[in-house]
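Colleague: how does the following fold in three dimensions:
(one chain, ligands or ions: 3)
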Amino acid sequence: MTDRPLRIALPNKGSLAEATTHVLTEAGYRQRTDSKDLVLLDAANQVEFYYLRPRDIAVYVGERTLDLGFTGRDMLLDSAAAAEEVLALGFGGTKFRFAAPGASGWSAADLHGTRIATSYPGLLGAWLAERGIEARLIKLDGAVESAVRLGVADAVADVVETGSTLKRAGLEMFGEPILVSEAILIQPRGVERPAGLDLLLRRLAGVMTARNYKMIDYNVSEARLEAACAITPGIDSPTVSPLARDGWLAVRAMIPAAEAHRLMDELWDVGAEGILVTDIAACRL
Ligand SMILES: Nc1ncnc2c1ncn2[C@@H]1O[C@H](COP(=O)(O)OP(=O)(O)OP(=O)(O)O)[C@@H](O)[C@H]1O
Ligand SMILES: O=P(O)(O)OC[C@H]1O[C@H](OP(=O)(O)OP(=O)(O)O)[C@H](O)[C@@H]1O
Ligand SMILES: [Mg+2]
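Modeller: Numbers count the residues shown, from 1 in each chain. Ligands and ions are numbered 1, 2, ... in the order given. The predicted structure follows:
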């Protein structure tokens with residue numbers, strides 16, 4: 001435990017807020033119950049959570065006012081704060097992309113001399129400068145998709161999740177994604193790992209594994225055991241236990257959640273019976 005609580009910044013609103021609170025609750029941390037609370041002390045875990053605007057989180061962490069923060073990779077890069085990514089969290093996935101009307105055949109080089117509207121001028125400016133593309137950036141707070149229709153820009157660079165907002169605005173994406181983003185944990189650059197970080201990382205890894213894996217149980221004859229275990233090798237190795245029924249065994253292993261049904265079908269084909277798949281609530285591997 002630390003002498004003082006670990007100070008962690010969390011998004012107080014927006015796309016990442018709910019999912020961040022959820023992952024921390026699953027990892028055994030207290031979270032605020034009133035969305036107006038600005039700070040919450042989790043005394044049992046010696047952590048103080050500060051609920052801040054998503055855009056400001058990298059700034060606080062970069063200034064070393066806070067030890068850690070949950071934000072988007074795009075927001076970290078846009079801020080140019082002195083902070084670095086510690087862990088990618090596997091939610092809040094988006095792409096940062098160019099779009100314009102009738103632009104499906106364009107490439108980024110076609111942006112030379114144009115006006116590009118964006119809420120991420122730091123990220124976009126650095127990307128364009130690296131490629132020697134000179135364009136005028138029009139900084140907007142949000143609803144960037146309307147900028148072309150309203151005549152303040154020729155193209156936009158914006159966050160895309162499903163793509164439906166761009167489509168509704170009559171814009172087509174073009175070029176390679178400028179950035180593939182997701183929610184990340186950040187810490188100040190050039191500091192030692194704060195005490196308590198390893199425990200947090202272990203817990204978050206446990207939550208992510210529990211989300212991505214399921215447990216499978218089945219019965220199989222001794223003759224088919226090898227074929228079945230090849231289908232479900234588990235993380236290290238499956239657990240095999242004797243059954244009262246002579247010549248039969250019970251097998252238990254972790255499997256990737258996304259492949260559960262395919263693996264159940266394959267087990268069935270090699271003669272496994274009583275195949276059960278269950279969720280994992282938490283784990284440490
Ligand atoms: N569907 C989505 N739309 C926008 N951002 C998303 C989405 N899903 C995940 N994100 C991520 O969430 C972060 C943006 O958060 P948020 O929308 O809260 O910021 P904002 O647009 O600046 O705030 P606001 O919309 O409240 O003005 C980025 O890291 C972005 O990549
Ligand atoms: O690809 P989609 O699934 O349509 O999602 C992406 C859209 O959602 C976000 O807007 P937000 O609701 O945060 O409003 P804002 O543009 O004002 O930030 C983002 O800026 C895009 O406009
Ligand atoms: Mg937004």
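
Colleague: C-alpha from now on. contacts and neighbour counts both.
Modeller: Fine.

Colleague: make sure Tyr60 is indeed in a strand.
Modeller: No - secondary structure assignment places Tyr60 outside any strand; it is helix (DSSP: H, G, I helix; E, B strand; the rest coil).

Colleague: what secondary structure does the closest residue in space to it that isn't next to it in sequence sit in?
Modeller: What sits nearest to Tyr60 in space, not counting adjacent residues and going by C-alpha to C-alpha, 6 or more residues apart in numbering, is Leu66, at 6.0 Å. Under three-state DSSP, the three-state class of Leu66 is coil.

Colleague: repeat for the one 3 residues further on
Modeller: Put simply, Gly69 is strand when judged by three-state DSSP.

Colleague: what residues does the protein put near ligand 1?
Modeller: 13-16, 54, 72, 74-75, 92-94, 142, 159, 161, 181 (C-alpha under 6 Å from any ligand atom).

Colleague: selection in ChimeraX covering whichever of these are buried, please.
Modeller: Selecting in ChimeraX just the buried members of the residues of the chain next to ligand 1, where the criterion is 16 or more other C-alpha atoms under 10 Å, is done with this command:
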select :16,54,72,74,75,92,93,94,159,181
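
Colleague: any regions of this structure where pLDDT drops low?
Modeller: Applying pLDDT under 70 to the predicted model, the residue ranges of the chain that meet it are 1-2.

Colleague: determine the longest helix present in it.
Modeller: For the chain, the helix that runs over the most residues, judged by DSSP state H, is helix 197-212.

Colleague: and that helix, what does it pack against?
Modeller: With contacts defined as 3 or more C-alpha pairs under 8 Å, 6 or more residues apart in numbering; DSSP states H and E, the secondary structure elements packing on helix 197-212 are helix 17-26.

Colleague: now the strands for the stretch 101-250 of the chain?
Modeller: Remark: strands of the stretch 101-250 of the chain, listed N- to C-terminal, are 115-118, 136-139, 155-160, 172-181, 183-188, 213-221, 239-242, 248-256; assignment by DSSP state E, counting those that start in this stretch.

Colleague: now Ala257: phi and psi?
Modeller: phi -60, psi -40 (degrees, to the nearest 10).

Colleague: is it true that it touches Ala210?
Modeller: No - shown here, Ala257 and Ala210 do not form a contact pair, counting by C-alpha atoms under 8 Å, at 9.2 Å.

Colleague: tell me how far Arg202 lies from ligand 1.
Modeller: When distance is defined by C-alpha to the nearest ligand atom, to the nearest Å, Arg202 is 23 Å away from ligand 1.

Colleague: excluding chain neighbours, what is closest to that residue?
Modeller: If the residues on either side of it in the chain are set aside, Arg202 comes closest to Arg284, at 7.2 Å by C-alpha to C-alpha, 6+ apart.

Colleague: give the helix, strand or coil label for the one you found.
Modeller: In terms of secondary structure, Arg284 is coil; the call rests on three-state DSSP.

Colleague: got phi/psi on it?
Modeller: The phi and psi values for Arg284, taken as degrees, to the nearest 10, are phi -130, psi 120.

Colleague: give the contact list for it.
Modeller: Arg202, Arg203, Ala205, Gly206 (C-alpha atoms under 8 Å, 6 or more residues apart in numbering).

Colleague: ok, now Val159?
Modeller: Counting by C-alpha under 8 Å, 6+ apart, the residues that Val159 touches are Thr94, Lys95, Phe96, Arg97.

Colleague: among those, which one sits closest to ligand 1?
Modeller: For these, the minimum distance to ligand 1 (C-alpha to the nearest ligand atom) is 5.0 Å, reached by Thr94.
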